[in-house]
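Undergrad: Take this sequence and fold it.
(chains A, B and C)
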Amino acid sequence: MFHCIDFLQVFHTPQLYTRNNPKSDPTPIIQPSRRVSDLNMDMDLDQTSHRNKDGKPVLVILVGPPGSGKSTFCEEVMRSSSRSWLRVCQDTIGNGKAGNKAQCLSSAARGLKDGKSVFIDRCNLNREQRSDFVKLQGETQIDMHAVVLDLPAKLCISRSVKRSGHEGNLQGGKAAAVVNRMLQNKELPKLSEGFNRITFCQSESNVKDAIDTYQKLGPLDNLSHGCFGQKNPDSKIQSSIIKFLKKVEVPVDTASKENSIRDSNSKTPGQSDPPCKDMEKIPSAHDNSKSGSKEIEGQADKSSGSCHNQVSLDDTPTLAFPSISTSDFQFNHDKAADIIVEKVTEYANKVGNARLVLVDLTHKSKILSLVKSKAAEKNIDTQKFFTHVGDITRLYSTGGLRCNVIANAANWRLKPGGGGVNASIFDAAGPELESATKDKVKTLSPGNAVAVPLPSSSPLFIREGVTHVIHVLGPNMNPQRPNCLNNDYEKGCKVLQDAYASLFEGFASIVKNQVQQNENIGKKSLELQDQSEQHSRNHSPNTDQKSKRDADHGLVKSKKYKGSQDAFDTTFTGSRDEKVDSEHKRSDGSTRKAWGSWAQALHQIAMHPEKHKDGLLEISEDIIVLNDMYPKAQKHVLILARTRGLDCLSDVHNEHLLVLKRLHAVGLKWAEKFLSENASLVFRLGYHSVPSMRQLHLHVISQDFESKHLKNKKHWNSFNTAFFRDSVDIIDEVSNHGKATLKDDDKLLSMELRCHRCKSAHPNIPRLKSHISSCQSPFPAFLLENGRLVGA
DNA sequence: GTTCTAGAAC
DNA sequence: GTTCTAGAAC
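TA: Here you go, the predicted structure:
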């Protein structure tokens, strides 16, 4: 609230503070009613007004994924601006072809030096990408702006797909994957990064207004500093600002535009007060003295920081669940807390970057505090699991916590009523949940869970962004209720464990399928619109109701179209064994692998390459290239797919063909690079049938196997038996059969050691290594075919 | 994936 | 005694 009050005070003193007293209160030196434009003539007073004669060059960093309209934005502004603008576009900076960041930086620096204003037309979606450009500020007296084109993913994707001739050369399905990937890692700019002004555009009309603002920015004008256009859903403050703005004359075009942007954002129907209360318009730092602006930036930083977290977390799949069986079913709290923590630990790594949140209504909740302390003892990652006090049916609207899936402590008949969580969830979700549940399954036995996709017409969907409700039934210790276990905690604990396991598995499956849905977007442009809604639904809490409805139709459509994978409506029933069975049935016979903590390294790199930048050879939106940490040959690199949910070959399906081809192409490129340095090498590109490390990675390995890290039979056989699947063969198989065949027989890894050239057998690794260091035999015919080996 | 180490193989 | 493997732990 402090910020808001502060803001109003400042705003009531339109744009004018004394120049010589930067740290003073924002005392107006003119009457608020006086028009700002009147003061433009008065340089002494108007040093900081909206337009003044100190007009500085401005560096505008555009922020947005492909298809968000960055280039159009620049072109539109430049078409009718009286300023001299330079557009620095990474897609064209290399003589019309794509260039690199360094080229952009030097071009921008040159432009600024020449007194031009500059647009940085590249995605700039995270802080790191922006930081070098922001640093240009240090060299010259310029204004540093960001314009965020934060439009629905659907729109960006469809635009990207349409323009195959676009400078960025993104086309077809790849575009969808790239846009989704980029949006998952987006980091909205903050004033604290060094910006004087940030304009957020969340609709096409916002973009139009921003274009208008920059078009009208003459060579001698400056724009007000601060954040503009970011949705501020606090309607109370909103309306007072609007009221205020209506009262006061706002003479400059830009200011009224900003007002209208804000206004339209505030009108989102059915949305009440999400959490970014502090993300308020930071009024111009009207004196340029360091101390003065710092103070305001400090505020901005704090507020935008909290807001940014929230915004970025909106992307994270989240399951909110109540404590099962501890309320009406009277299960012992301490035992239940142990089970929750145990199961959370078990599943935290299986749900990717998703979050699990235990919810209860009050701060006094015993189970909440028990779980909290037990989780802390176990050092459970608080990003992945935490507790939350609030109403599970109003997590987003009143708590600001966005959860796409909530669990219901159901009864065996799966009927509404009965009080507690069950009653309130059925109540909040409307009759839609009841009928969707009924369509799915009639009853539930203890220890089981069933996931029900929530129809888009459900109020819980519309208001809270909940896409699925997972009904869970735990053990009952209450003699007043059915199936009482009569204090048999041995059985009770087992049932409760099963219940949570079933719940988390259900959630993991939803997450996985949603990721797949997103990736499928790219595959068939027919499906593009509807499926991408699914993504933007996860992405933006403000997606309107109509598009949500479309999204569900899209699911139905896509399922019919594909005719196979039961993507969303998977039921999770039965004991643990049954669950494995159902897993089998669903996904072509393979069970999902549990990855140990040590196996996550590549996955972490793929998800957050910026944290591991130093060790990486190449980073792009969809792949990463790095040296194998323990190379098994002179040259051994990994080409890592960044696709979420694509852990290994068994996850690969039709829709990943482009990914496979991309990995192969990048692998070849690196092999060729190494060959240019050492023509005697020979490379093989392929995958381990069952990799030890999570996240699909292609090995590019030279066939000398000259490495101190190649130490045992498993090492050798993993590259020199059928366990190693050549990339070319995998591409063929996926093209022809929609999946890869795996040679995951353990026997392959313990086979006798044979030279990969002459096939002679050797008793142990040292002897084998000694042999291969001098074996000159040609490679077997099989390897010479079909481009399996790559030589100079 | 690696490291560590007991014990088999030489 | 040294070398090497293989299984457990991480």
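Undergrad: State the distance from residue A:77 to DNA strand C.
TA: For residue A:77, the distance to DNA strand C equals 56 Å [CB to the nearest atom of the strand, to the nearest Å]. For glycine as for every other residue, the C-beta is placed from the backbone atoms N, C-alpha and C.
Undergrad: wait, that residue sits on residue A:117?
TA: No - with contact defined as CB atoms under 8 Å, residue A:77 does not count as touching residue A:117 (9.4 Å).
Undergrad: Mutual contacts of those two, please.
TA: residue A:85 (CB atoms under 8 Å, 6 or more residues apart in numbering).
Undergrad: Which secondary structure state is assigned to the nearest residue to residue A:392 once chain neighbours are set aside?
TA: Nearest residue to residue A:392, sequence neighbours excluded (CB to CB, 6 or more residues apart in numbering): residue A:359, at 4.8 Å. With DSSP: H, G, I helix; E, B strand; the rest coil as the basis, residue A:359 sits in strand.
Undergrad: Ok, the one 5 residues further on next?
TA: At residue A:364, secondary structure determined by three-state DSSP is coil.
Undergrad: And it, how far from residue A:389?
TA: 9 Å (CB to CB, to the nearest Å).
Undergrad: how many neighbours does residue A:338 have?
TA: Number of residues near residue A:338 (other CB atoms under 10 Å) recorded here: 17.
Undergrad: Phi and psi next, for it.
TA: phi -60, psi -40 (degrees, to the nearest 10).
Undergrad: Now name the helix or strand holding the residue nearest to it when sequence neighbours are not counted.
TA: Spatial nearest neighbour of residue A:338, excluding adjacent residues (CB to CB, 6+ apart): residue A:374 at 6.6 Å. Per DSSP states H and E, residue A:374 falls inside helix A:366-377.
Undergrad: Could you check how many residues crowd around residue A:764?
TA: Neighbour tally, residue A:764, other CB under 10 Å: 10.
Undergrad: Likewise for residue A:472?
TA: Residue A:472 - counted by other CB under 10 Å - has 29 other residues nearby.
Undergrad: for residue A:653, same thing?
TA: Residue A:653: 21 neighbours (other CB under 10 Å).
Undergrad: is it true that residue A:492 touches residue A:477?
TA: Yes - the pair residue A:492 / residue A:477 is scored as a contact, 6.2 Å apart, by CB under 8 Å.
Undergrad: Settle it for me: which of those two has more neighbours?
TA: residue A:492 (26 against 21).
Undergrad: Apart from its neighbours in sequence, what residue is nearest the more buried one?
TA: Per CB to CB, 6+ apart, closest to residue A:492 is residue A:475, 4.2 Å.
Undergrad: show me the contacts for whichever residue of chain A sits closest to DNA strand C.
TA: Distances between chain A and DNA strand C by CB to the nearest atom of the strand are smallest at residue A:764, namely 2.9 Å. Counting by CB under 8 Å, 6+ apart, residue A:764 touches residue A:753.
Undergrad: How confident was the prediction at the residue nearest to residue A:338?
TA: We have a pLDDT of 91 for residue A:374.
Undergrad: Please enumerate the helices of the stretch 51-200 of chain A.
TA: A:70-79, A:101-113, A:127-135, A:153-162, A:172-184 (DSSP state H, counting those that start in this stretch).
Undergrad: Of those, which shows the lowest average pLDDT?
TA: Mean pLDDT values for the helices of the stretch 51-200 of chain A show the minimum at helix A:172-184, a mean of 66.
Undergrad: doesn't residue A:336 fall inside a strand?
TA: No - under three-state DSSP, residue A:336 falls outside any strand and is assigned helix.
Undergrad: List the contacts of it.
TA: A:323, A:324, A:325, A:326, A:367, A:496.
Undergrad: quick one: which of those residues sit in helices?
TA: The helices, defined by DSSP state H, take in A:367, A:496 from these.
Undergrad: quick revisit: check contacts around the residue nearest to residue A:392.
TA: Taking CB under 8 Å, 6+ apart, one finds A:320, A:321, A:322, A:387, A:388, A:389, A:390, A:392, A:395 in contact with residue A:359.
Undergrad: Out of those residues, which two are the most distant from each other?
TA: Using CB to CB, the contacts of residue A:359 span at most 14.0 Å, a distance reached by A:321 and A:389.
Undergrad: From the neighbour counts alone, determine which of these two ranks first.
TA: Higher neighbour count among residue A:321 and residue A:389: residue A:321, with 26 against 13, using other CB under 10 Å.
Undergrad: circling back: which residues pair with the residue nearest to residue A:392 across the strands?
TA: With DSSP bridges as the criterion, residue A:359 is bridged to residue A:322, residue A:388.
Undergrad: still on that earlier bit, and the contacts of residue A:359 as JSON lines, adding pLDDT?
TA: As requested, the contacts of residue A:359 are exported to JSON lines (pLDDT from 0 to 100):
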{"residue": "A:320", "pLDDT": "95"}
{"residue": "A:321", "pLDDT": "94"}
{"residue": "A:322", "pLDDT": "95"}
{"residue": "A:387", "pLDDT": "92"}
{"residue": "A:388", "pLDDT": "91"}
{"residue": "A:389", "pLDDT": "91"}
{"residue": "A:390", "pLDDT": "91"}
{"residue": "A:392", "pLDDT": "94"}
{"residue": "A:395", "pLDDT": "91"}
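Undergrad: export the residues you listed to a markdown table and tack on distance to DNA strand C?
TA: Conversion of the contacts of residue A:359 to a markdown table gives the following (distance: CB to the nearest atom of the strand, whole Å):
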| residue | distance to DNA strand C |
| --- | --- |
| A:320 | 31 |
| A:321 | 29 |
| A:322 | 33 |
| A:387 | 27 |
| A:388 | 31 |
| A:389 | 35 |
| A:390 | 36 |
| A:392 | 36 |
| A:395 | 35 |
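Undergrad: Report the buried members of the residues you listed.
TA: By neighbour count, with 16 or more other CB atoms under 10 Å, the contacts of residue A:359 hold A:320, A:321, A:322, A:387, A:388, A:390, A:392, A:395 as buried.
Undergrad: residues contacting the fourth one?
TA: Residue A:387 makes contact with A:357, A:358, A:359, A:360, A:368, A:371, A:372, A:375 under the criterion CB under 8 Å, 6+ apart.
Undergrad: Adding distance to residue A:220, write the residues you listed out as JSON lines.
TA: JSON lines is the format used below for those (distance: CB to CB, whole Å):
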{"residue": "A:357", "distance to residue A:220": "53"}
{"residue": "A:358", "distance to residue A:220": "58"}
{"residue": "A:359", "distance to residue A:220": "56"}
{"residue": "A:360", "distance to residue A:220": "59"}
{"residue": "A:368", "distance to residue A:220": "59"}
{"residue": "A:371", "distance to residue A:220": "61"}
{"residue": "A:372", "distance to residue A:220": "58"}
{"residue": "A:375", "distance to residue A:220": "59"}
